[in-house]
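In: Structure of the sequence below:
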Amino acid sequence: MTSTAVPDSSAEISGQTAQRLIDEGNALEDQGRFKDALEQYESALGISPALARAHLNRGNALLALCDAEAAAGAYSTALAHDPLYAAAHYNLGNAHVRLNRRQEALAAYRRALELKPDFADAHVALGALYEDLGHWRLADALRAMGGRFRRSPRMQRCAGIWATYC
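Out: Here you go, the predicted structure:
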């Protein structure tokens, strides 16, 4: 006997639709179509406004479009919905770096690492920030720590895009 998962409620259907829109936005973002991706994320938020992942991805698209202030707001909203979302803390740190708010960036990266100690991208970003601040030993140690963990290919691609465009 096989069973097919059928959504139980309109809320579940809405959640699935929002997830589909986020996935479509991610695919557009991977193609460099950030404005189109942003529209998908905003559509997802129109359906599920409390979806932290949609706020996070909206922030990523905004950061890629060089709107670091709006991106920081999107990441903060994601954290209001899910304070333990390590990726949102990490990306908030990236936005703060863009805005030259180094102390806020340090706090965001540290919080991401408290929540997820094996977060390679956060180790690398924190190391780069310490290097920028002249703390060479800390920078070297964090970069070495980041190298011990697998870095996300999508995060590497996004970091390269953000560094290139803004």
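In: Check the offset of the one helix or strand A122 maps to from the chain's centre.
Out: If you go by DSSP states H and E, A122 is part of helix 120-132. Relative to its parent chain, helix 120-132 has a centroid offset of 15 Å by Cα atoms, centre = their mean, to the nearest Å.
In: Packing partners of it?
Out: helix 86-98, helix 102-115, helix 136-147, helix 153-165 (3 or more Cβ pairs under 8 Å, 6 or more residues apart in numbering; DSSP states H and E). Where you see a C-beta, it was placed from the backbone N, CA and C, and this is true even at glycine.
In: got the buried residues for it?
Out: Of the residues in helix 120-132, A120, D121, A122, H123, V124, A125, L126, G127, A128, L129, Y130 count as buried by neighbour count, 16 or more other Cβ atoms under 10 Å.
In: Against V97, how distant is the last one?
Out: Put plainly, it is Y130. Note on Y130: its distance to V97, by Cβ to Cβ, to the nearest Å, is 12 Å.
In: again with the second one
Out: Distance from D121 to V97, counting by Cβ to Cβ: 13 Å.
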